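Enquirer: Sequence and predicted structure, then a few things I'm wondering about:
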Amino acid sequence: PKVGEPFLKETHYFDLHRSRPLHWYYNHFWGDDADEPLLWGEATPAYFDTPRLPADIVGVVPDVKIIVTLRDPVARAVSHYFHAVEFGWERRTISDAFGEELRILSDGGWKDPIEMLRRGYLARSCYSTALRRWFDLVPRERICVVVSEQRREALQQTGEFLGVLDGKADDTLLRDSNRRPYRVPPGLDLAPVTDLFRAECEGQRSLLGWPEVPGEW
């Protein structure tokens, strides 16, 4: 109740609508209670790993607080693939899509940032590069990194980070709200993808100071 969200979950102001005036963006955040002003936030995942955006966002909101939710990178890549299928961006099989992207990454990575956002299933699960861009611009005490699979702990961390939870997480906030059904083809070989992320996860662990990679990954 102490946190406000815009009428659009993903405003996409900084990546798709930056030519619009700032008041267009600010108008997404409305309805403050004069007696108890709300903390306002939005959730636009593309902000996290679009290279030019951290500097732009910090320029507009210098005291911004960033909450980063990291998911098992393999599960995130698979989910992203089926998301692209649902929206009509992807017609290849998942095996072909992952195989082609592995070749793209071995050749130096994606050249088109829009295609990377839409179909960078593996690239967008390599979190370290994006994390370093944010760490270079935002003090670490204003960045909260949580693990998606550890939902109760993540909610507690987030509440403490924002100063809006008093000692316990509300179970009503733990429910799934954006789950899409999809069926992974039987026999899908994810070993090359798992090998890619094994080293990446170790780098993330070191970067974040985690004692170990989350057991759920």
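Expert: That came through fine. Residues are numbered from 1 along each chain as shown.

Enquirer: Where do the strands of this structure begin and end?
Expert: Per DSSP state E, the chain carries strands over the ranges 3-4, 39-40, 66-70, 143-147.

Enquirer: Sketch out the low-pLDDT regions of this protein for me.
Expert: For the chain, applying pLDDT under 70 flags the ranges 31-36, 166-170, 172-173, 177-178.

Enquirer: which helix of it spans the most residues?
Expert: helix 191-208 (DSSP state H).

Enquirer: So which of the strands of the chain is the most surrounded?
Expert: strand 143-147 (a mean of 19; mean count of other CB atoms under 10 Å). Placement of C-beta: from N, CA and C, glycine included.

Enquirer: Tell me the strands beside it, with direction?
Expert: The strands beside strand 143-147 in its sheet (DSSP bridges) come out as strand 66-70 (parallel).

Enquirer: With the flanking residues excluded, which residue is spatially nearest to the residue nearest the centre of the chain?
Expert: For the chain, Pro45 is the residue whose C-alpha lies nearest the centre (CA atoms, centre = their mean; 4.5 Å). Nearest non-adjacent residue to Pro45, counting by CB to CB, 6 or more residues apart in numbering: Glu10, 7.3 Å away.

Enquirer: All the helices of this structure, residue numbers only.
Expert: Using DSSP H, helices in the chain cover 22-26, 46-49, 53-60, 73-86, 94-106, 113-119, 127-137, 151-162, 191-208.

Enquirer: what would these look like in CSV with mean neighbour count and distance to Arg180?
Expert: Output for those, formatted as CSV (neighbours: other CB atoms under 10 Å; distance: least, CB to CB, whole Å):
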stretch, mean neighbour count, distance to Arg180
helix 22-26, 12, 28
helix 46-49, 20, 18
helix 53-60, 16, 25
helix 73-86, 19, 7
helix 94-106, 15, 15
helix 113-119, 16, 16
helix 127-137, 17, 21
helix 151-162, 16, 17
helix 191-208, 15, 20
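
Enquirer: Among the ones you listed, which comes closest to Arg175?
Expert: helix 151-162 (9.4 Å; CB to CB).
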